[in-house]
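Colleague: Test case, fold it:
(chains A and B)
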Amino acid sequence: MSSEERKIRVLVAKPGLDGHDRGAKVIAASFRDAGFEVIYTGLHQTPEMIVNAAVQEDVDVVALSVLSGAHMTLFPRVLELLEEEGAEGVLLTGGGIIPKADMEVLARAGVGRLFGPGTPTSEAVEYIREWFSTRAERV
Amino acid sequence: MRRQEAEIERMRQQEAELERLREQLRLWEEAFGATPTREALFSASSGIDVEPLYTPADRASGQAYTEALGVPGQYPFTRGPYASMYRTRLWTMRQFAGFATAEDTNQRYRYLLDHGTTGLSVAFDFPTLMGYDSDHPRSLGEVGVCGVAVSSLADMETLFEGIPLDQVSVSMTINGPAVILFCFYVVAAERQGIGPEQLRGTVQNDILKEYQAQHAWVFPPEPALRCIVDMFEWCTEYAPKYNPISISGYHIREAGATAAQELAFTLRNGFEYVERGISRGLDVDAFVPHFSFFFDVHNDFFEEIAKFRAARRIWARFMREKYGATNPDAWRLRTHAQTAGVSLTAQQPENNIVRVAYQAMAAVLGGTQSLHTNSMDETLALPTEKSVRIALRTQQILAYESGVPNTIDPLAGSYYVESLTDRLETEALDLFRRIDEVGGVVPGIETGFFQSEIAESARRQQIEVESSRRVVVGVNEFTEGSEEVEIETLKIDGSVVERQRQRMADLRAARTDTDVARTLDELERSCTEGNNVVPSILDCARAGCTLYEIRHAMEKTFGSYKEPVSF
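Modeller: Take a look at the predicted model:
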């Protein structure tokens, strides 16, 4: 099966104890409407639970929604676990209340683009499509 | 004979007046139809189409004035819960605050009290909201970040050091482990020499909306509801000035609900608590007067005002007619309000000051009893002292400069506001029927009815914004200047986790282990035997048991909640 035919598989996850899932649900529905295969973890996931799900579901993308201010702990931890599982080809992206300076630090550590409040969901969809097509070229 | 003639003459005049109105409206419609309409969304959040003009012909229900509105402080309370409203006392300016450790937040409270705030409102961090101690592995990265960390009685005592709990009313936003934090609070007051009978204030303690929207739960619905009724029972007897619940639409709305959904789900949750109390054998006239409410106040100015008015009328009618309450205090809906966090934008954050000001005015015109105004920087981080001060000043300008509080319910009689009030009431009654159709509140939660209703509304609003049908200034229109965000934001210093761990270690070293084990055992027994859990938890608090230890002891009997996942 060629990569054009295969649907992009995305895990939308809510790490930590933060219960604000409005954004996660809206983005999950937008991804689905864009034709992605979407798995939503539900709330209160540990980084271990998220990476387990990512590996089991064989996803291309993990999208974390973090509004709790714990992004500097949670993104690096998920990245680290993905690498431990040999899943470093998976794109780790996400959104939430994340100051620009922190976004830059996380980008340098290998996290993909992060989206702040007010971003149209189409921007995230485009970003993932583009990432996926360039990855397919590389593979 | 003369009287009848007078009556006939009156009716004739009314008919003539109506005829003149019809004629005027016909002319107006002609003129209105001949001019182009601006391209815009003319509907309120609830999808209610807003007409270009309202007249006396628009009182949909046709209810008489005395029946639908009456006077403030009297049934059905549409015009306000109290007779004199802001002529006697302005609303309580209550700013929600909490961050880092209890020591840090204590400083912020003293700052707020020094600047004229008149009530406190505690924001706990996520671990506390979920019943985890600061040194629990699940608390990783979240200690003191979004609120203050309170893991024990010692933390609660520090939080209110130097703040007399018999004079300052404190509202605590805590739900899943509410009964535990409430007990810490009662014992902290006890250590200040203040008995529970002197405590004023409120604990949110509304678990139903947690399952529906806010998602900080611990136990499954049935045992969670049992603990809530335990608190009604205990407070009615020992803390009669304290509000053991604040039934909250705020989080339902923030999660995406429309004004009508917020109104209906909140009131229906309230009725659920009433029914649970009645099933326990509590007297509706004794425990319901201590219920308080908490609504969001969003952008649509008139819809929000109408929502508060409709809420009071529906509550009063159900409490009197359906639940048979005879105490007017059980009919009277009292509420806190907070401006809509979700309406704030990260783009051009200073504009948020203006949004908050309009929302605050709507809350006051709606007749709120207390108000929190959001700070402009809250989409970026926890607010700085400066932005909190501006938010508080916004309320003070409203209170002291605008003239708005001078007369009670000034918008009563507005054809539009009365029509919207009636309309929201009708929408709420329809939603009550839909909730009944899914089997009631708890089955509605378990099947995800509320969650998917709310998520659908959120999705609809997102589409409206992305397609630019709904304008959000600085986000999809008037975006010049949206790129640079140059306001200062609050940073939580990295030492919080260490300091909090140290506090926990000190606590564990200082307490008597046998007291801890004994009180936890007794609590477990109360849970399994169905006794009121409050006295046992008070003993646990006194013995220095931590939040998680108490949660864990209860969980052995109660189990923990698993959400139905969907999007």
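
Colleague: give me the element the spatially most central residue of chain A is part of.
Modeller: For chain A, A:A63 is the residue whose C-alpha lies nearest the centre (Cα atoms, centre = their mean; 1.5 Å). According to DSSP states H and E, A:A63 maps onto strand A:61-66.

Colleague: Distance from that strand to the middle of the chain?
Modeller: 3 Å (Cα atoms, centre = their mean, to the nearest Å).

Colleague: Heading C-terminal from that strand, find the next helix or strand.
Modeller: Following strand A:61-66 in sequence order, the next helix or strand is helix A:71-84 (DSSP H and E).

Colleague: Helix or strand next in line after that next one, which one?
Modeller: Going down the chain from helix A:71-84, the next helix or strand is strand A:91-96, by DSSP H and E.

Colleague: So which elements touch that next one?
Modeller: Here strand A:91-96 touches helix A:22-33, strand A:61-66, helix A:71-84, strand A:114-115, helix A:121-138, going by 3 or more Cβ pairs under 8 Å, 6 or more residues apart in numbering or on different chains; DSSP states H and E. In this view, the C-beta of every residue, glycine as well, is placed from N, C-alpha and C.

Colleague: Using TSV, lay out those together with mean pLDDT and distance to B:T118.
Modeller: Shown next, in TSV, are these (pLDDT from 0 to 100; distance: least, Cβ to Cβ, whole Å):
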stretch	mean pLDDT	distance to B:T118
helix A:22-33	95	31
strand A:61-66	97	35
helix A:71-84	96	35
strand A:114-115	96	39
helix A:121-138	90	41
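
Colleague: among these, which is nearest B:N406?
Modeller: Nearest of the helices and strands packed on strand A:91-96 to B:N406, taken as Cβ to Cβ: helix A:22-33 at 38.0 Å.

Colleague: got the angle for that closest one vs strand A:91-96?
Modeller: 130 degrees (axes from the mean of the first three to the mean of the last three Cα atoms, to 10 degrees).

Colleague: is helix A:22-33 up against chain B anywhere?
Modeller: Yes. Using Cβ under 8 Å from any Cβ of the partner chain, helix A:22-33 comes into contact with chain B via A:22, A:24-26, A:28-30, A:32.

Colleague: Tally up the residues packed near residue 67, please.
Modeller: This is for chain A. Using other Cβ atoms under 10 Å in any protein chain shown, A:L67 is surrounded by 22 other residues.

Colleague: You answered for a different chain; I wanted chain B.
Modeller: 13.

Colleague: ok, it - contacts?
Modeller: By Cβ atoms under 8 Å, 6 or more residues apart in numbering or on different chains, the contact set of B:E67 is B:P76.

Colleague: Could you check the pLDDT of it?
Modeller: Listed pLDDT for B:E67 reads 93.

Colleague: For it, what are phi and psi?
Modeller: Per-residue torsions, B:E67: phi -80, psi -40 (degrees, to the nearest 10).

Colleague: hmm, back to that, against A:G89, how distant is the residue nearest to the centre of chain A?
Modeller: With distances taken as Cβ to Cβ, to the nearest Å, A:A63 is found 16 Å from A:G89.

Colleague: And B:T519, by the same measure?
Modeller: Note on B:T519: its distance to A:G89, by Cβ to Cβ, is 52 Å.

Colleague: and chain A, which residues reach chain B?
Modeller: Within chain A, the positions lying close to chain B (Cβ under 8 Å from any Cβ) are A:12, A:16-22, A:24-26, A:28-30, A:32, A:38, A:40-44, A:46, A:68-70, A:72-74, A:77, A:97, A:99-100, A:116-118, A:120-122.

Colleague: Contact partners for the closest residue to B:R200 other than its chain neighbours?
Modeller: Excluding its sequence neighbours, the residue lying closest to B:R200 (Cβ to Cβ, 6 or more residues apart in numbering or on different chains) is B:S169, at 4.2 Å. When contacts are counted by Cβ under 8 Å, 6+ apart, B:S169 touches B:92, B:119-120, B:200-202.

Colleague: so of the residues you listed, which ones are in strands?
Modeller: Within these, residues falling in strands by DSSP state E are B:92, B:119-120, B:201-202.

Colleague: returning to that earlier point: right, and the residue nearest to the centre of chain A touches A:I27 too?
Modeller: Yes. Look at A:A63 against A:I27 with Cβ atoms under 8 Å: they come within range, at 6.7 Å.

Colleague: Now do the same contact list for the residue lying closest to B:C183 once chain neighbours are set aside.
Modeller: Of all residues not flanking B:C183 in the chain, B:I537 sits nearest, at 4.2 Å (Cβ to Cβ, 6+ apart). Neighbouring residues of B:I537 by Cβ under 8 Å, 6+ apart: B:179-180, B:183, B:523, B:550.

Colleague: any idea which of those residues is closest to chain A?
Modeller: Distance to chain A, by Cβ to the nearest Cβ, is smallest for B:I180 among the contacts of B:I537, at 16.1 Å.

Colleague: helix or strand for the closest one, which one?
Modeller: Following DSSP H and E, one finds B:I180 within helix B:178-191.
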